[in-house]
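Chemist: What would the 3D arrangement of this be:
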Amino acid sequence: MIQRIHIAIRGAVQGVGFRPFVYRLASEMQLSGWVLNSPQGVFIEVEGEKDKLETFLLRLEKEKPAPSFIQSLEFSFLDPVPFRRFEILPSDSNGSKSALVLPDIATCPQCLAEVFDRENRRHRYPFTNCTNCGPRFTIIESIPYDRPNTSMKAFEMCPDCRREYEDPMNRRFHAQPNACPTCGPHLELWDAEGRILSGRYQALLEAAAAIREGKIIAVKGLGGFHLVVDARNAKAVEALRIRKHREEKPFALMYPTIESIREDCEVSPLECRLLESSESPIVLLRRSMAGSSRTGPASSIAPRNPYLGIMLPYSPLHHLLMRELCFPVVATSGNISDEPICTDEHEALARLSGIADLFLVHNRPIVRHVDDSIVRVILGRELVLRRARGYAPLPLRHAHLAPHLLAVGGHLKNTVAMSIESNVFISQHIGDLENKEATDAFRKVIESFRNLYLVSPSRVVSDMHPDYLSTKFAREIGPPVISVQHHYAHVAACMAENELQGRVLGVSWDGTGYGLDGSIWGGEFLLTSDTAYERVAHLRQFRLPGSARAIKEPRRAAIGLLFEIMGDAAFDRRELPPVASFTDSEISILRQMLSKEINSPWTSSAGRLFDAVASIAGLRQVVNFEGQAAMELEFALDGIEGEEIYPISIIEGTGKSLIVDWEKLVLAILEDIAKGSATGVVSKKFHNTLAEAIVETAHRIGEKRVILTGGCFQNKYLTERAVRRLEEEGFRPYWHQRIPPNDGGIALGQIVAASRLLHHGDAENAER
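Modeler: A predicted model of the protein is given here:
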């Protein structure tokens with residue numbers, strides 16, 4: 001008996017060749033019906049014998065295209081029509097827009113083979129793609145994902161490309177960026193004044209020659225510009241640092257092949273998989289001792305850092321360039337430090353003037369900026385540190401979301417998020433909202449999200465900090481605002497990623513977050529329930545002389561820490577590196593600031609504790625980028641063996657809260673330094689002690705499920721040590737994987753936390 005099934009599929013099913021896959025499957029099984037794209041997903045109606053229809057449903061999920069994933073597949077049996085054949089219908093543009101937009105996908109093996117095939121019409125064509133690869137998020141203007149809704153609409157397909165595009169059996173069927181040298185985008189090489197020097201493949205060859213000569217080239221890629229130089233050329237790397245105003249922060253590298261990476265770095269199977277994946281992120285890899293003796297990247301690429309951030313070519317343009325060069329290059333964001341990445345060639349000409357010597361550009365417009373993602377492997381799992389190309393804007397699914405919430409994130413490593421139905425759509429990395437350019441980019445991303453999904457937020461969710469630019473923006477745009485405490489947002493994000501509900505103990509450690517008492521939090525233990533959270537423990541507080549200046553000067557955090565222990569006598573300890581780093585007049589000012597409590601706010605920040613210990617150990621008194629002191633403290637323990645810990649106390653605080661008191665820890669560190677202990681030994685014992693403090697506090701609280709979140713848990717050793725010790729003591733630890741533990745995950749946590757408030761009728765208490 002003939003039956004008909006209506007199937008609604010939601011997930012990442014547009015721009016991945018899903019409709020051609022359905023067409024081929026139905027045709028093979030001799031079923032009739034249709035398939036179409038809609039703003040909500042892919043809809044299918046198919047007719048045939050009941051057993052064939054059941055097999056069709058099973059094969060849909062089992063054999064779907066590799067880049068796709070299905071969030072939900074709903075079907076219902078209906079009376080037959082009947083249909084005469086199976087066909088692909090035009091896209092339906094009606095209804096709410098909740099379909100998933102795919103990230104940009106790295107070049108597939110088939111397209112790469114064509115690019116390097118002399119007999120293929122796309123030989124050396126840097127914009128080759130198919131339904132399995134290529135740009136998505138950076139070219140889409142609106143849903144559904146069809147060519148007229150992308151920045152490719154200006155390129156009229158030639159007859160050959162049109163035939164591919166319209167052939168359901170071709171892998172380029174409805175590949176929206178489909179193009180070739182005859183009809184598609186092309187390259188040009190410009191000088192610093194914007195004069196065209198050459199075009200097409202010749203432009204790439206001349207750019208490669210300039211890189212060999214030590215010049216800095218701005219290269220327009222998928223989601224913006226890279227600044228590219230020969231990574232082996234120390235003078236070129238130093239010139240880039242000076243021009244970009246990036247003193248010591250590590251540069252990202254692009255290597256031509258996985259084999260060339262192995263010459264300089266240790267690469268585990270999981271790290272190899274990440275490098276070669278469709279996401280193709282920057283992966284933090286440990287330098288190998290074997291590679292240190294050969295000619296590799298200049299030491300100034302990542303000073304005093306045992307890791308290199310490395311990616312493989314992920315677009316045909318990058319593959320062609322790296323095949324021509326055959327050596328590693330710096331491929332850092334095309335911007336001045338702290339500004340957003342450039343996306344338009346004319347904008348790049350202005351903003352990168354004085355940095356780039358030449359510009360390798362193309363005429364395919366970039367709809368939105370997307371940086372390279374950054375990941376590292378911790379505990380045998382992927383940990384995303386910056387979520388952008390390859391990951392954004394894929395959503396996280398959550399069962400208990402309030403509709404149409406817009407979360408504006410935090411101040412550093414900003415991302416934004418929006419809830420639509422059961423999905424939280426998380427934006428690409430925006431960056432630190434420190435200047436007008438970054439704030440403008442923040443506003444553009446929000447506007448882009450609203451235009452893409454045609455949703456007006458019912459409420460806006462922000463951080464509690466009244467001076468964050470994101471918080472001020474939330475209060476400007478109209479809908480009611482719900483404020484969520486920073487560290488609770490961290491915990492909520494990690495809970496959502498691990499699909500946890502109810503009671504957990506969240507260890508939320510970072511640099512800065514506005515506390516409920518008006519102080520600077522950052523070393524928090526939060527016990528959650530389905531409706532609320534309680535601050536059940538925190539690190540002992542100390543003062544930060546100079547407030548925000550202490551973030552860039554770890555020596556100030558150290559002075560505040562020492563003053564809390566010793567009082568005025570701390571300033572007489574001139575043998576200690578933080579005290580010795582100040583002049584007598586500066587010491588006098590600091591003494592007054594702390595004794596009179598002037599511009600010296602209290603903090604419980606774990607991040608500032610790391611800074612203070614790094615300063616006391618003589619590693620770093622002033623930083624050139626966020627987290628530098630803590631990173632160098634982590635790297636100092638590299639190769640040090642031992643399980644030793646320092647003493648630390650957990651005492652009763654006011655109310656029910658416990659205080660993790662670090663005074664004995666700091667005094668023991670001072671004793672070790674006075675005895676001449678190696679910095680690495682001090683660092684190892686310090687990290688071990690913090691892990692023990694987490695375990696002991698968890699025992700005192702009595703909750704078995706423990707979440708590790710916040711920027712401090714980007715620290716590989718701390719995270720791995722804490723997880724191992726928690727497991728040994730019978731706890732169940734959870735940590736981040738696809739959502740950053742740093743402030744890049746705050747927007748997700750804000751959505752989840754606000755949804756809880758709304759579901760339990762508590763939103764009025766949080767609205768401002």
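Chemist: For this structure, which residues score under the pLDDT cut-off?
Modeler: Regions of the chain meeting the criterion pLDDT under 70 cover residues 71-72, 93-99, 290-294, 762-768.
Chemist: redo that, cut-off 50
Modeler: Judged by pLDDT under 50, the chain has its weakly predicted residues at 293, 765, 768.
Chemist: how is it carved up into domains?
Modeler: 2-88, 187-362, 395-484+744-766, 520-528+536-737 (automatic domain parsing).
Chemist: a markdown table please, covering these and showing distance to Arg171 and mean neighbour count.
Modeler: Using the backbone N, CA and C atoms, a C-beta is placed for each residue, glycine as well. Listed next are these as a markdown table, based on distance: least, CB to CB, whole Å; neighbours: other CB atoms under 10 Å:
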| stretch | distance to Arg171 | mean neighbour count |
| --- | --- | --- |
| domain 2-88 | 7 | 18 |
| domain 187-362 | 15 | 19 |
| domain 395-484+744-766 | 26 | 21 |
| domain 520-528+536-737 | 31 | 20 |
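Chemist: Specify the stretch among those that is closest to Asn498.
Modeler: Distance to Asn498, taken as CB to CB, is lowest for domain 520-528+536-737 among these, at 4.6 Å.
Chemist: how long is that closest one end to end?
Modeler: Taking CA to CA, to the nearest Å, the span from the opening residue of domain 520-528+536-737 to its closing residue is 27 Å.
Chemist: what about the helices in the stretch 451-600 of the chain?
Modeler: 469-476, 486-497, 549-552, 554-566, 577-580, 584-595 (DSSP state H, counting those that start in this stretch).
Chemist: Distance to Ile746 added to those helices, as a markdown table?
Modeler: Written out in a markdown table, the entries for the helices of the stretch 451-600 of the chain read as follows (distance: least, CB to CB, whole Å):
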| stretch | distance to Ile746 |
| --- | --- |
| helix 469-476 | 9 |
| helix 486-497 | 5 |
| helix 549-552 | 17 |
| helix 554-566 | 23 |
| helix 577-580 | 31 |
| helix 584-595 | 30 |
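Chemist: any idea which helix or strand comes after the longest helix seen in the chain?
Modeler: Once the chain is assigned using DSSP state H, the helix that runs over the most residues is helix 679-701. Of the helices and strands lying after helix 679-701 in sequence (DSSP states H and E), the nearest is strand 705-709.
Chemist: Can you name every helix or strand that whichever helix or strand comes after that following strand contacts?
Modeler: Next in sequence after strand 705-709, counting helices and strands by DSSP H and E, comes helix 716-728. Applying 3 or more CB pairs under 8 Å, 6 or more residues apart in numbering; DSSP states H and E, we find helix 716-728 packed against strand 374-378, helix 628-636, helix 679-701, strand 705-709, strand 732-734.
Chemist: Can you tell me which of these is nearest to Arg450?
Modeler: Going through those one by one, with CB to CB as the measure, strand 374-378 comes closest at 27.2 Å.
Chemist: ok, the nearest residue to Gly546 once chain neighbours are set aside to Leu544 distance?
Modeler: Counting by CB to CB, 6 or more residues apart in numbering, the nearest residue to Gly546 once its immediate chain neighbours are dropped is Arg556, at 5.1 Å. When distance is defined by CB to CB, to the nearest Å, Arg556 is 6 Å away from Leu544.
Chemist: show me the contacts for Glu553.
Modeler: Contact criterion CB atoms under 8 Å, 6 or more residues apart in numbering gives 546, 621-623 as the residues in contact with Glu553.
Chemist: secondary structure class for Ile669?
Modeler: Classification of Ile669 into helix, strand or coil gives helix, according to DSSP: H, G, I helix; E, B strand; the rest coil.
Chemist: For it, which residues are in contact?
Modeler: 613, 616-617, 646, 682, 685-686.
Chemist: ok now do the closest residue to Cys265 other than its chain neighbours, which residues does it touch?
Modeler: Closest residue to Cys265 in three dimensions, ignoring its sequence neighbours and counting by CB to CB, 6+ apart: Leu285, at 3.9 Å. Counting by CB under 8 Å, 6+ apart, Leu285 touches 261, 265-267, 271, 307-310.
Chemist: Which of the helices or strands spans Leu285?
Modeler: Once you assign secondary structure using DSSP H and E, Leu285 falls within strand 282-286.
Chemist: what angle sits between the very next helix or strand once past that strand and strand 374-378?
Modeler: Counting by DSSP H and E, the element after strand 282-286 in chain order, helix or strand, is strand 307-311. Strand 307-311 and strand 374-378 are oriented at 120 degrees to each other (axes from the mean of the first three to the mean of the last three CA atoms, to 10 degrees).
Chemist: Can you tell me how far Arg286 is from Leu619?
Modeler: Taking CB to CB as the measure, Arg286 and Leu619 are separated by 20 Å.
Chemist: and the closest residue to Leu312 other than its chain neighbours, what are its phi and psi?
Modeler: On the basis of CB to CB, 6+ apart, the spatially nearest residue to Leu312 that is not a chain neighbour turns out to be Leu275, at 5.2 Å. In this entry, Leu275 is assigned phi and psi values of phi -60, psi -40 (degrees, to the nearest 10).
Chemist: my guess is Leu275 meets Val267, correct?
Modeler: Yes - taking CB atoms under 8 Å as the definition, Leu275 is a contact partner of Val267 at 7.4 Å.
Chemist: Need the residues touching each of these two.
Modeler: 258, 261.
Chemist: leaving aside the residues next to it on the chain, what's closest to Ala298?
Modeler: Using CB to CB, 6+ apart, the nearest residue to Ala298 is Ala234, at 4.1 Å.
Chemist: dump the residue contacts of the residue nearest to Ser462 when sequence neighbours are not counted.
Modeler: Leaving aside its sequence neighbours, Ser462 sits nearest to Ala474 (CB to CB, 6+ apart; 3.8 Å). Ala474 sits next to 408, 460-462, 481 when contact means CB under 8 Å, 6+ apart.
Chemist: let's go with 7 Å and repeat that
Modeler: For Ala474, the residues meeting the contact criterion (CB atoms under 7 Å, 6 or more residues apart in numbering) are 408, 460, 462, 481.
Chemist: Can you name the residues bridging to the second one?
Modeler: Taking DSSP bridges, one obtains Leu406, Val481 as the residues bridged to Val460.
Chemist: I'd say it and His404 touch.
Modeler: No - between Val460 and His404 there is no contact, the gap being 10.3 Å when judged by CB atoms under 7 Å.
Chemist: residue contacts, Asp79?
Modeler: Neighbour list for Asp79: Arg4 [criterion: CB under 7 Å, 6+ apart].
Chemist: right, I mislabeled it, should have said Ile645
Modeler: By CB under 7 Å, 6+ apart, the contact set of Ile645 is 685, 688-689, 692.
Chemist: again with Leu576
Modeler: For Leu576, the contact set (CB under 7 Å, 6+ apart) comprises Ile616.
Chemist: same deal with Asp743?
Modeler: Contacts for Asp743 were tallied using CB under 7 Å, 6+ apart; they are 409-410, 412-413, 711.
Chemist: how about CSV for the residues you listed, with secondary structure added?
Modeler: Output for the contacts of Asp743, formatted as CSV (three-state DSSP):
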residue, secondary structure
Gly409, coil
Gly410, coil
Leu412, coil
Lys413, coil
Gly711, helix
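Chemist: now, which of these sits nearest Ala106?
Modeler: Lys413 (23.8 Å).
Chemist: Confirm for me that the closest one is in contact with Gly745.
Modeler: No - between Lys413 and Gly745 there is no contact under CB under 7 Å: 8.9 Å.
Chemist: What sits closest to Ala668 if chain neighbours are left out?
Modeler: When the adjacent residues along the chain are set aside, Ala668 lies closest to Tyr646, with 4.3 Å between them (CB to CB, 6+ apart).
Chemist: my guess is that neighbour meets Lys684, correct?
Modeler: No - using CB under 7 Å, Tyr646 is not in contact with Lys684; the gap is 10.4 Å.
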